[in-house]
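> no sequence for this one, just the structure:
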């Protein structure tokens, strides 16, 4: 009686009945193909194989009769499908708050059993790996990104999907209250600038003041009031205003005017009498 094949192949494994009265010679595709090692102690099993056709020469140890079989392993690979949405970033530096929200289509959040591999386009126009983690929600700065999802069990990885985090940073705004420089005495200059931030409070910002521009001499602000410089001469000043909440900065160039009062009078007996 011819040996009988049993059990359909599954999960990359082909097997026959577990009877030990046979020898098993396995090959890839046909008997001219590469030999395939069977599982230790189980000559009737080959495991960990790719999809495809295999050849088996099954020989009875009792009768020495052989029969040839060509079982096939099906390709049952399931490739994940990733999706990606973004939220624009409105902050700067270490406070960036843009979001990448990745998902695996057909899998419920929080996508247990998947790893998300994130790449960002660099300034050199190359893709650089920035994250590989199980968390599907990632905080990032503005830029171009791709995300691929990998099934941790099968190792199958989705095609990468691309998305852009927009740069919607909110820069500080300010108005200025300026007192003119009216003194002729260099020791008691009256020029003053008060910066009034457009949102939050003055304490929510840092203030870097300079003469003329940012390569000029730094100007010390009034003690306890970083938004004020006082006792200054006429001229243009530079202010870099930085939000402590968002770390975004904006530059301003307010100017103090010079306004001297000239007295009118008469010279009487060598003495000037103002009118």
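That came in fine, so what should we check first? All values reported here derive from a predicted model rather than from experimental measurement.
> any low-confidence regions in the stretch 1-150 of the chain?
Applying pLDDT under 70 to the stretch 1-150 of the chain picks out residues 1-19.
> where does residue 170 land in three-state SS?
coil (DSSP: H, G, I helix; E, B strand; the rest coil).
> touching, it and residue 248? I think so.
Yes - contact criterion C-beta atoms under 8 Å: residue 170 and residue 248 qualify, at 6.4 Å. C-beta coordinates here come from the backbone N, C-alpha and C atoms, glycine included.
> what sits in contact with each of these two?
Common contact partners of residue 170 and residue 248 (C-beta atoms under 8 Å, 6 or more residues apart in numbering): residue 91.
> so what's residue 135 up against?
Contact analysis of residue 135 by C-beta under 8 Å, 6+ apart lists residue 116.
> so it is in which element?
Assignment of secondary structure by DSSP states H and E places residue 135 within no helix or strand.
> okay, it and residue 111: tell me how far apart.
Remark: distance between residue 135 and residue 111 (C-beta to C-beta, to the nearest Å) = 9 Å.
> still on that earlier bit, the more surrounded of residue 170 and residue 248?
A count of neighbours by other C-beta atoms under 10 Å puts residue 248 above the other of residue 170 and residue 248, at 18 against 15.
> for that one, grab phi and psi.
Phi and psi for residue 248, reported as degrees, to the nearest 10, are phi -90, psi 150.
> would you confirm that residue 196 belongs to a strand?
Yes - membership of residue 196 in a strand is supported by three-state DSSP.
> give me the nearest residue to it, chain neighbours excluded.
Nearest non-adjacent residue to residue 196, counting by C-beta to C-beta, 6 or more residues apart in numbering: residue 175, 4.9 Å away.
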